[in-house]
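>>> Got a predicted model here, sequence first, then my questions.
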Amino acid sequence: MSTAATAIAGMTATGPHGTVRTAEHARIMTFLDARGEGRTSLVELTGDPGYGKTRLLTAVAGEARRRGVDVLRARCTETRTGESFHPFIEAFTSWRPSGTTLLAPATAFIRALAAAADMLDDTSTSRCRLFAELRSLYGDCLAAAPGGLLLLFDDFHFADRASVDLLEVLARWPLVEALPVVVAHRQRQVPAWMHVTIQAGVELGAVEQIRLAALTLQQSAELLGLPGRAPGLADLHERGAGNPLYLTALAEQEAGGGDDGRADGFGHAPSAGPSDHWARTTLGVRLLAETTPLGATQRLVARAAAVLGDTFTVDAVAAVAQLDRAEACRALRELRARDLVRATPGGELAFRHPLVGRCLYGQTDPCWQVGAHRRALEYLRTGPAAPTLPARHAERSGPRGPAGVGVGLTAREREVARLAAQGLRTRDIAGRLRVSPRTVDTHLAHIYGKLGVSSRVELVRLLSVAP
């Protein structure tokens, strides 16, 4: 076990503000400091899932409260995307600076937001009046907060259109007292219309963009509370792809002596641990929660992709899921829209990180897995881009021995494989089957090619793996 993994004890270290994203933290706080300049400070915070957006928002909230600012937070959810102004209503409903009752300006603003939903489809003139009224009520709320207000919206890619329109109004026509707002979202999941609106704000100078990048090696060391040259740190950093969520999960798992997250090239662990290991971890619960809204076909396609491993194609997924290509393509398009699946530089597809596929694989019914691996094996043998090691699917395609592994072998090839697995030499097999040793060698060459092995030792290992 590496020093890096041993150092993990359930909690990770952070910077002085509760996050290793110190530069981004400082930039956001400058906008809070500028609230007296009479402009709306709207910050767009983007980054991949697990990059630490929520933790950064928490650090900003803590620092703002220490400065006497009232912080209002809300998290947008997919199930509420159709509810107009839902992040604003959630945030202001929680605003109780006195600790007991909701302030009158907040109550008036919430009621206006709730009533406004029925007026959004009116004429453009009515909409202008509506948003002007909401802007005025918002100003009343600001006046009731002597120390200022800070709005933090998380998962804003799930925000409703009315909320985005209101933010646009506040950014284009700022109040006398500035309104610092930070919206955090996953850029790959932002609807096109929202992206256009935000980009227009950037061009007008009303929106400041902060993009979280992958952690540097030094930031990974700080996150894990380790010196920069700790043994095993660089390996963890690389396998975690600089993603704080994956990095800490891998380190904690390695410290516990479990599956260390190294895949065998097909997205599966080479260790003897249970296949559902990652699905049962905290990380697994979090990642699998993203698949909850998936329909039956999308879920089937995701599991078929997980069986195929690190990379896969539309045709391979269709074969394993037993769907026509068009249906598989539609489902994969939805998985890409949810950023569960991404295109690779080589033109294939892959999960956004191998651990996503590992968690999905672990959640899949073991009986279904067996049939899926058999279909994958058949496709990869006959498809245009068959891999060199289909034996990894063969090892998982049912009862061991030629009957299970030998899908695609002739009856004679299965007999030769069975005898070879028993340790018989070529001339002994030839005598048993009453053929020449050269014929046995020919059969073995065909078997090796079909099963993706290169020697008798590998063949014996393949046929002797316990179910």
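Sure, I can see it.
>>> Now do the helices in the stretch 251-400 of the chain.
282-289, 296-308, 314-321, 325-337, 354-363, 366-382, 391-394 (DSSP state H, counting those that start in this stretch).
>>> closest to residue 433 out of the ones you listed?
helix 391-394 (22.8 Å; CB to CB). C-betas here are computed from N, CA, C, even on glycine.
>>> Please state the mean pLDDT value computed over the closest one.
Taken as a whole, helix 391-394 has an average pLDDT of 72.
>>> What of stretch 242-251?
pLDDT averaged over stretch 242-251 gives 92.
>>> sorry, back to before: a markdown table for the helices of the stretch 251-400 of the chain, including mean neighbour count and distance to residue 104?
Below are the helices of the stretch 251-400 of the chain laid out as a markdown table (neighbours: other CB atoms under 10 Å; distance: least, CB to CB, whole Å):
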| stretch | mean neighbour count | distance to residue 104 |
| --- | --- | --- |
| helix 282-289 | 17 | 38 |
| helix 296-308 | 23 | 47 |
| helix 314-321 | 23 | 57 |
| helix 325-337 | 17 | 42 |
| helix 354-363 | 25 | 47 |
| helix 366-382 | 19 | 58 |
| helix 391-394 | 26 | 66 |
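>>> possible to save the ones you listed as a markdown table with distance to residue 220?
Shown next, in a markdown table, are those (distance: least, CB to CB, whole Å):
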| stretch | distance to residue 220 |
| --- | --- |
| helix 282-289 | 17 |
| helix 296-308 | 27 |
| helix 314-321 | 33 |
| helix 325-337 | 28 |
| helix 354-363 | 16 |
| helix 366-382 | 34 |
| helix 391-394 | 30 |
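>>> Please name whichever of these is nearest to residue 62.
helix 282-289 (22.5 Å).
>>> now for the helices of the stretch 251-400 of the chain, which one comes closest to residue 255?
helix 282-289 (13.9 Å).
>>> Give me the distance between the closest one and the centre of its chain.
With CA atoms, centre = their mean, to the nearest Å as the basis, helix 282-289 stands 9 Å off its chain's centre.
>>> Tell me which helix or strand residue 152 sits in.
For residue 152, the host element (DSSP states H and E) is strand 149-154.
>>> which residues touch that strand?
32, 53-54, 57, 60-61, 64, 69-76, 87, 91, 141-142, 159, 179-184 (CB atoms under 8 Å, 6 or more residues apart in numbering).
>>> Equivalent analysis for stretch 156-168, please.
So stretch 156-168 is in contact with 42, 76-78, 80-88, 116-117, 120, 131, 134, 153, 181, 183-187, 189-191, 193-194, 197, 200-201, going by CB under 8 Å, 6+ apart.
>>> Any idea how far it is from the middle of the chain?
On the basis of CA atoms, centre = their mean, stretch 156-168 sits 23 Å off its chain's mean C-alpha point.
>>> So for that stretch, could I get the coordinates as PDB, restricted to C-alpha?
Extracted in PDB, the C-alpha atoms of stretch 156-168 (Å, rounded to 0.1, in the frame of the first residue of the first chain):
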ATOM      1  CA  PHE A 156     -27.500  25.600 -12.300                       C
ATOM      2  CA  HIS A 157     -27.700  23.400 -15.500                       C
ATOM      3  CA  PHE A 158     -31.000  22.300 -14.100                       C
ATOM      4  CA  ALA A 159     -32.300  25.800 -13.600                       C
ATOM      5  CA  ASP A 160     -35.600  26.800 -15.200                       C
ATOM      6  CA  ARG A 161     -35.800  29.400 -17.900                       C
ATOM      7  CA  ALA A 162     -37.600  32.000 -15.900                       C
ATOM      8  CA  SER A 163     -34.800  32.000 -13.300                       C
ATOM      9  CA  VAL A 164     -32.200  32.500 -16.000                       C
ATOM     10  CA  ASP A 165     -34.200  35.300 -17.500                       C
ATOM     11  CA  LEU A 166     -34.500  37.100 -14.100                       C
ATOM     12  CA  LEU A 167     -30.700  36.800 -13.600                       C
ATOM     13  CA  GLU A 168     -30.200  38.300 -17.100                       C
END
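>>> Count the neighbours of residue 324 for me.
9 (other CB atoms under 10 Å).
>>> before we move on, the earlier item: are any of the contacts of stretch 156-168 buried, and if so which?
Among these, those scoring as buried are 42, 76, 80, 83-88, 116, 120, 131, 134, 153, 181, 183-186, 189-190, 194, 197, 201 (criterion: 16 or more other CB atoms under 10 Å).
>>> what about residue 415, which SS state?
Residue 415 carries the three-state label helix when classified by DSSP: H, G, I helix; E, B strand; the rest coil.
>>> where's it relative to residue 423, distance?
Distance from residue 415 to residue 423, counting by CB to CB, to the nearest Å: 15 Å.
>>> The two: who's more crowded?
residue 415 (17 against 9).
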